[in-house]
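# Predicted model and sequence follow; I will ask about them next.
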Amino acid sequence: MDLNMPILIVDDYKTMLRIIRNLLKQLGFDNVDEAMDGSTALQRLRDKSYGLVISDWNMEPMTGLQLLREVRADGKLKHIPFVMVTAESKTENVVAAKEAGVTNYIVKPFNAETLKMKLVAVFGNF
């Protein structure tokens, strides 16, 4: 796994962006961009090549699930690993995310160790 790969984190809550950025930094990832909504995230994904997207589920006006569907529907973006972050572990949410093509799923609150385990599941050890 390339610790220099660009990562896009998407959340409409500045504090959560900061927390995820700090957790990624603890794991050795420094090349991190942010977007505060799905539309901005899609634009960034189309303008730059990313190795990973970490997106919150609950955002307005475009939810993380809608963003995931847009990414998976785009031939140039559909290969990008996509990790969904949510405060809810409802079965129907997990199923909807899986059906939409999510790579992995993290339930808040989480720490660097949990994030690392999810990333190892996606990329293998680093």
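It's in. If you're wondering where the values come from, they're calculated on a predicted model, not measured in any experiment.
# how about the strands of the chain, start to end?
7-10, 32-35, 52-56, 82-86, 104-107 (DSSP state E).
# which residues touch residue 34?
By CB atoms under 8 Å, 6 or more residues apart in numbering, the contact set of residue 34 is 8, 9, 10, 11, 17, 21. No exception for glycine: its C-beta is placed from N, CA and C like everyone else's.
# Make TSV from the strands of the chain and add distance to residue 63 to it.
Converted to TSV, the strands of the chain look like this (distance: least, CB to CB, whole Å):
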stretch	distance to residue 63
strand 7-10	10
strand 32-35	13
strand 52-56	9
strand 82-86	10
strand 104-107	14
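# Quick check, residue 81 in contact with residue 55.
No - counting by CB atoms under 8 Å, residue 81 stays clear of residue 55, with 11.3 Å between them.
# Same drill for the two, tell me which one is more crowded.
residue 55 (25 against 17; other CB atoms under 10 Å).
# what's the spacing between residue 67 and residue 115?
Residue 67 is 19 Å from residue 115, where distance means CB to CB, to the nearest Å.
# more neighbours, these two?
Neighbour count, other CB under 10 Å: between residue 67 and residue 115, residue 67 has more, with 27 against 20.
# Next one, pLDDT for the closest residue to that one other than its chain neighbours please.
Counting by CB to CB, 6 or more residues apart in numbering, residue 38 is the residue found nearest to residue 67 once chain neighbours are left out, at 3.9 Å. pLDDT recorded at residue 38 is 96.
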